[in-house]
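1. Whatever this is, show me its structure:
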Amino acid sequence: MSALEESEVDLGEDGCLWLENDHFSGKLLVRDKKGRLSAEESYFRGLLHGPFREFDAEGKVICVGTHFGGAYHGVIRTFDTNGEMQSELEYEHGVRTAQRDFQDGEIVETWRLSSDDPEYSFLESVRLRYAWEGWDEWKTALQRSI
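-> From the prediction side, this is the model:
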């Protein structure tokens, strides 16, 4: 299936995207009020899932990464208008676990989630939640979309 425009899908009461009578799975193109492409997103069963790219008003890529089950997951990279990397963030199920900030191509600051941070406890609970039976199907869908 080719990518659909945002206007071709509906936001359901469940907070998921729908296409006709089923949760939307596939690529979605998001446009700003002037009709310019602002994002390319991947969906699986109505949730953000898979690679995405965000664009500025001139069409330059300003952010790339992946979602998993509706949340950031993996490495998210942000860029300035000249295409230079500004930051590289690592996420696991929506929790930021590490960050590197860049200036002129050099790392100027780093951060890593510590085990005494309250977010770490939350991450542990999320890890347990994803240990359910359907995990393999979501994981397979993410791997196919990359």
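2. Please count neighbours and contacts with C-alpha atoms only from this point.
-> Noted.
3. Might you list the low-confidence residue ranges for the protein?
-> The model of the chain has pLDDT under 70 over residues 1, 132-146.
4. Check it for me, the residue farthest from its geometric middle.
-> Distance to the chain centre peaks in the chain at D116, reaching 26.0 Å (criterion: CA atoms, centre = their mean).
5. ok so that residue is a helix residue?
-> No - the assignment for D116 (DSSP: H, G, I helix; E, B strand; the rest coil) gives coil, which keeps it out of a helix.
6. What distance do you get for it to G94?
-> 18 Å (CA to CA, to the nearest Å).
7. Please apply the same query to V126.
-> The gap separating V126 from G94 is 9 Å, by CA to CA.
8. Put the alpha carbons of the helix or strand that contains Y43 into PDB.
-> Y43 is part of strand 37-44, with elements assigned from DSSP states H and E. C-alpha atoms of strand 37-44 as PDB (Å, rounded to 0.1, in the frame of the first residue of the first chain):
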ATOM      1  CA  LEU A  37       4.900  17.900   4.100                       C
ATOM      2  CA  SER A  38       5.800  18.100   7.800                       C
ATOM      3  CA  ALA A  39       6.100  14.400   8.700                       C
ATOM      4  CA  GLU A  40       6.100  10.900   7.300                       C
ATOM      5  CA  GLU A  41       4.900   8.400   9.900                       C
ATOM      6  CA  SER A  42       4.500   4.600  10.200                       C
ATOM      7  CA  TYR A  43       1.500   3.000  11.900                       C
ATOM      8  CA  PHE A  44       0.600  -0.500  13.000                       C
END
